[in-house]
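J.: Sequence plus the predicted model coming up.
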Amino acid sequence: MKNNIMVVDDEPIARQSLSDILRLEGYNVTAVPNGELAVEHVRKYSVDLILLDLKMPGMNGLDVVQVVNQVSPDTEIILLTAYGSMESAVEALRQRVHDYLLKPASPMQILESVRKGLERREARIVESGQAAAVLQAFDTSDGTEVDLMRRIVTRGAAEVSLTPAEGHLLKVFLENTGKVFSHRELVLLVQGYDVSQREAQEILRPLVSRLRHKLDAFPTLFERIRSVRGTGYVFEAE
């Protein structure tokens, strides 16, 4: 399976150059020009590694790192910058950044850093025990299976892939059958940050809607996600 890599750089030439280098090595590459679009992409899609420019208008590289570490902690990050300084390097490493490269980095440097970052990601997944996280969805009557490591739901020939946020939400549901969660509790558990109840509803509604849409072919999961009026959501017993 090809790894999914995202390039985030506000300079078009640098963005295109990095994308070309990675695609020639066989990676799936998505390129975006700013931090806001990067965060939006990570919330919706699985990303194994990000090549991220440090200095950008709006959300800078370290802002993006903070959000990605909350939303998709398995994603490795390599910071690229033409403004290298000890202070920013220390801050980057403190925030669980895999590597810190000064522009212009050579293709060899970039590919070596990407290779090591992906290896580190796989090692961390295995060490955390997620490699064994293949489970029957509470012995569902229709044989639905959930692979939490790869965020894949299968039943016979039917198969869907979940984003990190969708997979985390489903994991919380599966591990807490019958428990009623408030919108705010779920955002904290799934996204990693605390917000007001109104903000939590705005965040969760589209996320739950996307998850339920993907689970439409798996009734023993789809039908158990219920909205609790005025409170939040519950994953009912089968």
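T.: Happy to help now that I have it. Computed from a predicted structure; not experimentally measured.
J.: What is the neighbour count of residue 196?
T.: The tally of other residues near residue 196 (other Cβ atoms under 10 Å) stands at 11. Every C-beta, even on glycine, is put in place using the N, C-alpha and C of the backbone.
J.: Next: residue 82.
T.: Number of residues near residue 82 (other Cβ under 10 Å) recorded here: 12.
J.: quick one: contacts for the closest residue to it other than its chain neighbours?
T.: Among residues not flanking residue 82 along the chain, residue 103 sits closest, at 4.2 Å (Cβ to Cβ, 6 or more residues apart in numbering). Contact partners of residue 103, counting by Cβ atoms under 8 Å, 6 or more residues apart in numbering, are 14, 80-82.
J.: cool, residue 163 as well?
T.: Applying Cβ under 8 Å, 6+ apart, we find residue 163 in contact with 43-46, 151, 210.
J.: for residue 199, same thing?
T.: Residues near residue 199 by Cβ under 8 Å, 6+ apart: residue 187.
J.: Next secondary structure after the helix or strand hosting it?
T.: In this assignment (DSSP states H and E), residue 199 forms part of helix 197-214. With elements assigned by DSSP H and E, the helix or strand that comes after helix 197-214 is helix 219-222.
J.: Any buried residues in the helix holding residue 199, and which?
T.: 200, 203-204, 207-208, 210-211, 214 (16 or more other Cβ atoms under 10 Å).
J.: Now distance to residue 25 too, for those residues, in TSV please.
T.: Output for the buried residues of helix 197-214, formatted as TSV (distance: Cβ to Cβ, whole Å):
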residue	distance to residue 25
200	40
203	35
204	38
207	33
208	37
210	31
211	33
214	30
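J.: Regarding the residue most central in space within the chain, what are the backbone dihedral angles?
T.: Centrality entry for the chain: nearest residue to the mean C-alpha point is residue 72, 3.4 Å, by Cα atoms, centre = their mean. The phi and psi values for residue 72, taken as degrees, to the nearest 10, are phi -140, psi 70.
J.: Quick check: it touching residue 45?
T.: No: with contact defined as Cβ atoms under 8 Å, residue 72 does not reach residue 45; the gap is 9.5 Å.
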